[in-house]
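>>> below is the sequence, then the predicted model.
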Amino acid sequence: MSERYPELALYIDGQWHRADARATLPVINPATGDVLAHLPCASDADVDEAVRAAAKGFVVWRAVAPIERGRLLRRAADMILERREHIARLITWELGKPLAESRMEVDTAAAMFEWNGEEARRTYGRVIPARNPDIRQFAIPEPIGPVAAFSAWNAPAITPSRKISSALAAGCSVIMKPAEETPATALAIAAILHEAGLPAGVLNMVFGDAPRISARLMAAPEIRGVTFTGSTAVGKILAADAVRSMKRMTLELGGHAPVLVFADADIDRVVAGAITAKYRNSGQVCTSPTRFLVHRSVCDAFTEKFTAAARMLTLGDGFDPGTKMGPLATERRLAAMDRFAEDARQRGITIPVGGRRVERPGYFWQPTVLGPTTDDDCLAATVEPFGPLALIRPFEDVDEALSVANRLPFGLAAYAMTDNAALADRVARGIESGNVILNHWQASSPETPFGGVKESGFGTEGGLEGLRAFQNLKYISRA
């Protein structure tokens, strides 16, 4: 492969800041364990400069006509697609997933910019009929101000694109703190916006000590909005900080998605889709189906077919065309997966396939299936694995299925498979989840709202609602 991994930098006020005398962090290729590059870490002075730049950039950007903001975002979408192969390679370098999956992620990232670019011109207000005929009343959406955005490593193109494009479409400036594990992917998006003509300071990108950077941004009075994708534990910390400074906040936190498979479902079709959905990105997806709740009458058949399909998955480097599942993202994820497998062994839960690290360079873990089991206290039944692990649990009737599905304090995504329309409707109404997916596996798209309930977060990303999350509504009354 002739292409080289790029030099990394911070992006502040329209300028690229290389390592120089800054501290650095290694960026690791998870398929080999090799160091790809060293990432410069933002100092306190760098973060403060980014805040000043975002405040200045907001004044400029909010004055740009929405239709012009939209044109720039659509231009960026076109440029992302033009560089599809380059950005896909960055994703596979940094995250390890198969190149075909990385290409699909780039397509979705471009679609985020396209959708928000089109929607920017439609940030309508409304006229409110007044009780007094001499009064005119209006409700006008306005950008909330500079936004601090934090994204995780598992969707290095999609998550920054969703946050950046929505905030820019609304008229906000952004300080983006992407994950240190996947910096080049986010920086490629920043470079595209820079080349597309985004004014200096409207987008800034910093990396480094996450708690230190977030604390500084949360304390800055110039920052008026916060959007975070990551763990529930970190989300709670940021939420407490946001309350102290009264910042608007959107949180997309962890999940533990149930899949309800009823007796009338086509098991072959369900398994074919479930294998792809479960082991996509090595299971490192916040909406990944994990708790497979299967009607007892078809549970043995489902388990046999699912296990056989999981056993056939080919592990390897994401650049190998034959690879169906790549490595985990970090050494930490391997340790986490080992805890789930060991807990299952100690409880006597069957592990028909997987359950161990693959002895080769990189962070490879076998596709793993646990169960069938009714042990609802096991680690995999209570804590999101965020890895290539599926837990199978039988149920007797719809009431039991809904009870088990709703027993956890999470509610990001849930799936159900049935050809019975009345049953599908009951499940859709009964499941406590922000996203309920019936008879397919696509949990979100650029034009749809996406958010969780309970400890999976609050607020909404995506669609019209995601753009409005970055706007205040101002009431104007004029005589």
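Ah, there it is.
>>> quick check: Phe319 touching Leu99?
Yes - if you go by Cβ atoms under 8 Å, Phe319 and Leu99 touch, sitting 5.9 Å apart. To be clear about C-beta, it is placed using only N, CA and C from the backbone, and glycine gets the same treatment.
>>> more neighbours: which of the two?
Between Phe319 and Leu99, counted using other Cβ atoms under 10 Å, Leu99 has the larger neighbour count: 19 against 16.
>>> I'd like the distance between the more buried one and Val106.
Distance, Leu99 to Val106, by Cβ to Cβ, to the nearest Å: 10 Å.
>>> just Leu370 next, same as before
As judged by Cβ to Cβ, Leu370 and Val106 stand 33 Å apart.
>>> more neighbours: the two, which one.
Summary of the neighbour comparison: Leu370 and Val106, criterion other Cβ under 10 Å, with Leu370 having more neighbours (31 against 26).
>>> settle this for me: that one is touching Leu389, isn't it.
Yes - with contact defined as Cβ under 8 Å, Leu370 and Leu389 form a contacting pair (6.7 Å).
>>> now for those two: what residues contact both?
Among the neighbours of Leu370, those also in contact with Leu389 (Cβ atoms under 8 Å, 6 or more residues apart in numbering) are 340, 380.
>>> now the residue most central in space within the chain: phi and psi?
The residue lying closest to the centre of the chain (Cα atoms, centre = their mean) is Thr159, at 4.9 Å. Geometry field for Thr159 lists phi and psi as phi -70, psi -50, criterion degrees, to the nearest 10.
>>> show me what contacts it?
Applying Cβ under 8 Å, 6+ apart to Thr159 gives the contacts 151-152, 229.
>>> closest to Arg357 out of those?
Arg357 has its nearest neighbour among the contacts of Thr159 in Ala152, at 22.7 Å by Cβ to Cβ.
>>> where does the nearest residue to Ala110 once chain neighbours are set aside sit: helix, strand or coil?
Distances taken as Cβ to Cβ, 6 or more residues apart in numbering place Ile80 nearest to Ala110, at 4.0 Å, with adjacent residues excluded. For Ile80, the secondary-structure state derived from DSSP: H, G, I helix; E, B strand; the rest coil is helix.
>>> what number of residues lie near Ile80?
26.
>>> contacting residues around it?
The contact partners of Ile80, by Cβ under 8 Å, 6+ apart, come to 87, 106, 109-110, 113, 161, 189, 192.
>>> swap in Thr227?
Counting by Cβ under 8 Å, 6+ apart, Thr227 makes contact with 147-150, 163, 167, 249-250, 459, 461, 469-470.
>>> quick one: contacts of stretch 366-375?
Identification of contacts with stretch 366-375 by Cβ under 8 Å, 6+ apart yields 279, 294, 299-300, 303, 306-307, 310-311, 313, 315, 325, 337, 340-341, 344, 347, 349-358, 378, 380-381, 387-394.
>>> can I get the CA coordinates of that stretch in PDB?
Output for stretch 366-375, consisting of C-alpha atoms alone and laid out as PDB, is shown next (Å, rounded to 0.1, in the frame of the first residue of the first chain):
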ATOM      1  CA  GLN A 366     -13.100 -14.400  18.500                       C
ATOM      2  CA  PRO A 367     -16.800 -13.800  17.500                       C
ATOM      3  CA  THR A 368     -18.500 -15.000  20.700                       C
ATOM      4  CA  VAL A 369     -21.900 -16.500  21.500                       C
ATOM      5  CA  LEU A 370     -23.100 -17.100  25.100                       C
ATOM      6  CA  GLY A 371     -26.100 -19.300  26.000                       C
ATOM      7  CA  PRO A 372     -28.900 -20.000  25.700                       C
ATOM      8  CA  THR A 373     -29.200 -19.000  29.400                       C
ATOM      9  CA  THR A 374     -31.800 -17.400  31.700                       C
ATOM     10  CA  ASP A 375     -29.100 -16.100  34.000                       C
END
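>>> enumerate the positions of it that are buried.
Judged by neighbour count using 16 or more other Cβ atoms under 10 Å, the buried positions of stretch 366-375 are 366-373, 375.
>>> stretch 401-409 too?
Under the neighbour-count criterion of 16+ other Cβ under 10 Å, stretch 401-409 has 401-402, 404-406, 408 buried.
>>> what do you get for stretch 58-72?
Buried residues in stretch 58-72, defined by neighbour count with 16+ other Cβ under 10 Å: 58, 61-62, 64, 69-72.
>>> and for stretch 140-155?
Across stretch 140-155, burial judged by 16+ other Cβ under 10 Å covers 141, 143-155.
>>> stretch 206-215 too?
Neighbour counts using 16+ other Cβ under 10 Å place 206-209, 213-214 of stretch 206-215 among the buried residues.
>>> among these, which two are most distant?
With Cβ to Cβ as the measure, no two of the buried residues of stretch 206-215 lie farther apart than Phe207 and Ser214, at 12.1 Å.
>>> which neighbours do the two have in common?
Common neighbours of Phe207 and Ser214 (Cβ under 8 Å, 6+ apart) are Lys177.
>>> just say helix, strand or coil for Phe228.
Each residue gets one of three states, and Phe228 gets strand by three-state DSSP.
>>> how many neighbours does it have?
Here the number of neighbours of Phe228 (other Cβ under 10 Å) works out to 26.
>>> what residues does it make contact with?
Phe228 makes contacts with 149-150, 234-235, 238, 249-253, as judged by Cβ under 8 Å, 6+ apart.
>>> ok, 6 Å please
Taking Cβ atoms under 6 Å, 6 or more residues apart in numbering, we find Phe228 in contact with 150, 235, 238, 251.
>>> now do Ile392
292, 303, 371-372.
>>> mind running it again at 10 Å?
259, 261, 291-294, 299-300, 302-303, 306-307, 349-350, 352, 369-373 (Cβ atoms under 10 Å, 6 or more residues apart in numbering).
>>> domains of this structure?
Residue ranges for the domains of the chain, per automatic domain parsing: 10-253+456-478, 257-445.
>>> what's the closest of these to Arg4?
domain 10-253+456-478 (9.5 Å).
>>> quick check: mean pLDDT of that closest one?
Taken as a whole, domain 10-253+456-478 has an average pLDDT of 97.
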